[in-house]
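Asker: heads up, no residue letters with this:
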């Protein structure tokens with residue numbers, strides 16, 4: 001006979017469902033896209049702030065790196081705000097059924 005009972009199986013399933021929900025929240029695509037756009041936006045914005053006059057002349061007097069970096073920052077912050085304002089719903093595990101009393 002096995003030492004593995006029905007309550008042990010239910011507890012293990014419940015633990016796995018909690019881990020699955022945590023993994024889904026961690027790897028939400030909005031977090032990944034938002035984070036990458038913020039990181040690259042900071043890099044491109046810094047490149048735009050430190051642009052030389054020769055770089056500005058090449059672009060017709062417009063600081064393309066600065067404007068692109070600010071746009072990337074805005075988009076990344078939008079994705080992160082969206083994630084914060086509308087998180088993934090928490091899935092509740094099904095109510096545990098009580099086994100019938102044994103006599």
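Answerer: In hand now; what should we look at? The shown structure was predicted, so the numbers you read here are calculated from the model rather than taken from an experiment.
Asker: buried residues in the host helix or strand of residue 82, which are they?
Answerer: In this assignment (DSSP states H and E), residue 82 forms part of helix 64-85. Across helix 64-85, burial judged by 16 or more other CB atoms under 10 Å covers 64, 65, 66, 68, 69, 72, 73, 76, 79, 80, 83. In short, each C-beta sits where N, CA and C put it, glycine included.
Asker: now the helices for the chain?
Answerer: 6-26, 29-49, 53-58, 64-85 (DSSP state H).
Asker: redo those helices as a markdown table? Include mean pLDDT.
Answerer: Converted to a markdown table, those look like this (pLDDT from 0 to 100):
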| stretch | mean pLDDT |
| --- | --- |
| helix 6-26 | 67 |
| helix 29-49 | 95 |
| helix 53-58 | 91 |
| helix 64-85 | 95 |
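Asker: report the contact partners of the nearest residue to residue 37 once chain neighbours are set aside.
Answerer: Sequence neighbours aside, residue 76 is the residue nearest to residue 37 in space, at 3.1 Å (criterion: CB to CB, 6 or more residues apart in numbering). Counting by CB atoms under 8 Å, 6 or more residues apart in numbering, residue 76 touches 33, 34, 35, 36, 37, 38, 39, 40, 41.
Asker: quick one: end-to-end length of stretch 39-59, please.
Answerer: End-to-end span of stretch 39-59 (CA to CA, to the nearest Å): 24 Å.
Asker: for stretch 44-62, that is, sorry about that
Answerer: Stretch 44-62: ends 14 Å apart by CA to CA.
Asker: which of the residues in it are buried?
Answerer: Neighbour-count burial for stretch 44-62 flags 44, 45, 47, 48, 51, 56 (criterion: 16+ other CB under 10 Å).
Asker: since that was my last question, I'll sign off now.
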